[in-house]
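A structural model of the following input is requested.
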Amino acid sequence: MAEEDSGGAKGAGGRDSEGNGGVGGDAVLNWEQRPLEAVATLQRGYDLPVQDRRDGTVPIFAANGIVGFHAEHQARGPGVVTGRSGSIGKVHYSEGPYWPLNTSLYVKNFHGNEPRYIYWLLRQMRLEQYHEGTGVPTLNRNVVHRELVPVPPLPEQRRIAAILDKADALRAKRREAIAKLDQLLQSVFLDMFGDPVTNPKGWPKATIGELASFITSGSRGWAAHYSESGALFIRIQNLVGGELDMEDCAFVNPPDSAEARRTLVQPGDVLVSITADLGRTAVVPTDIGRAHINQHIAILRLVDVNPAFVSHFLASSGGQQQFQKLNRSAVKAGLNFNDLRSLEVLMPSQAVQEKYLSVIAKVRASQVQMTNQLLKSDLQFAALQQQAFQGNL
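Numbering: from 1, shown residues only. Reported below is the predicted structural model:
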């Protein structure tokens, strides 16, 4: 079973994003063009209330993919499913029997075509461009059914599907490799420091209350200060894995006030998310310039301790377990200053801290390199899809 966002720059037989002609067209001179309904007939899925579901191995597909399992099926595999209501554009594949929910459309009849080719064809069509309604997005199958799509001979369908499957599998392996680097960091942490709860290596501990000279959080009501330029405005999404990521940045121009000065960060500050997605951390770099935090973030200004080590410790399993415990004890997800002061940090020797940070730096560098390679392969894959449905493979 697989699922992916629909790819490519144009619909297979319909419009591109600007409403122009789709993939196929004049480029595929020897391929027949048929309405989608005659190639892959779509059918609305079936209701299955949660209380009626029974334990089993049959995957239940909604618009976004698998949402559970059941003891019975409504469709035999291989099957192709896409979103009908709510989320449109994703296409999913099931090798075996499955249950498509009523928020989805599934291919009821492949008309003798290769199911994997149909899977890639629907992904290439960018079905989200056919949505109707101003409220909840809805895909009208009657509209999509009229779109002309390329229908190469069955051996060519299978060849196209095999090429795209192989290329997509390589991308999946790269994503898995990136994810394994995060697992590697957890292994390194446990190897160097042991279980932070039982502390088998007997490292000294200190609380944030003992380490911090200043703790504060951002203020509400800064929407009026948003601007196209000015001071950086640090939000939760900018705190990533113990480091600051300003790729998705916002700017503010606040008045010169005590509140603005209080929420102005300094190089070396440790930032912690204190509402919603608790426990995300980052260290403010030396070249940050002028930057403020929003109301979901706290500043920990530390003394006589390596802030990068503290940030990465809090982002590790040792810190995240404490955040989870504090979250479970609260009625609403959120930390107050006393919660922050209570956080404990292992305090190994400076040499050990630097060794840990050195390992992190090397792993992060590998992640950046591999992510860049993945972005490049994604672009190459999009071009490959385009070529496939133009008959240029």
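
helices of the stretch 201-350 of the chain, start to end?
Taking DSSP state H, counting those that start in this stretch as the criterion, the stretch 201-350 of the chain contains helices spanning 208-211, 258-262, 307-315, 317-328, 337-342, 350-388.

let me fix that, I meant to ask about the stretch 1-150 of the chain.
Under DSSP H, counting those that start in this stretch, the stretch 1-150 of the chain gives helices at 115-124, 141-145.

which of the helices of the stretch 201-350 of the chain has the lowest mean pLDDT?
Note on the helices of the stretch 201-350 of the chain: lowest mean pLDDT is at helix 317-328, with a mean of 85.

quick one on the thing from earlier: which of the helices of the stretch 201-350 of the chain sits closest to residue 189?
Set against residue 189 and scored by CB to CB, the helices of the stretch 201-350 of the chain come closest in helix 317-328, at 6.4 Å. C-beta coordinates here come from the backbone N, C-alpha and C atoms, glycine included.

so which of the helices of the stretch 201-350 of the chain is the most packed in?
helix 307-315 (a mean of 24; mean count of other CB atoms under 10 Å).

could you check the angle helix 317-328 makes with that one?
Counting by axes from the mean of the first three to the mean of the last three CA atoms, to 10 degrees, helix 307-315 points 60 degrees away from the direction of helix 317-328.

quick one: contacts of helix 307-315?
Residues outside helix 307-315 that contact it (CB atoms under 8 Å, 6 or more residues apart in numbering): 208, 211, 241-243, 268-272, 279-283, 300, 302, 319-320, 323, 343, 345-346, 353, 356-357, 360.

what sits against residue 305?
By CB under 8 Å, 6+ apart, the neighbours of residue 305 are 206, 211, 345, 347.

how does it look with 6 Å?
residue 211 (CB atoms under 6 Å, 6 or more residues apart in numbering).

make 56 the first number, not 1, from now on.
Fine by me, first position is 56 from now on; the one you just mentioned is residue 360.

pLDDT at it, what is it?
91.

ok so, going back, nearest to residue 137, out of the helices of the stretch 256-405 of the chain?
helix 405-443 (16.2 Å).

gap between that closest one and the chain center?
Helix 405-443 sits 15 Å away from the centroid of its parent chain (CA atoms, centre = their mean, to the nearest Å).

what's the angle from it to helix 170-179?
100 degrees.

can you tell me, leaving aside adjacent residues, what's nearest to residue 243?
residue 414 (5.3 Å; CB to CB, 6 or more residues apart in numbering).

relative to residue 421, how far out is the one you found?
Distance of residue 414 to residue 421, given as CB to CB, to the nearest Å: 11 Å.

swap in residue 331?
Taking CB to CB, one finds residue 331 at 30 Å from residue 421.

for residue 268, which non-adjacent residue is closest in space?
Per CB to CB, 6+ apart, closest to residue 268 is residue 358, 4.8 Å.
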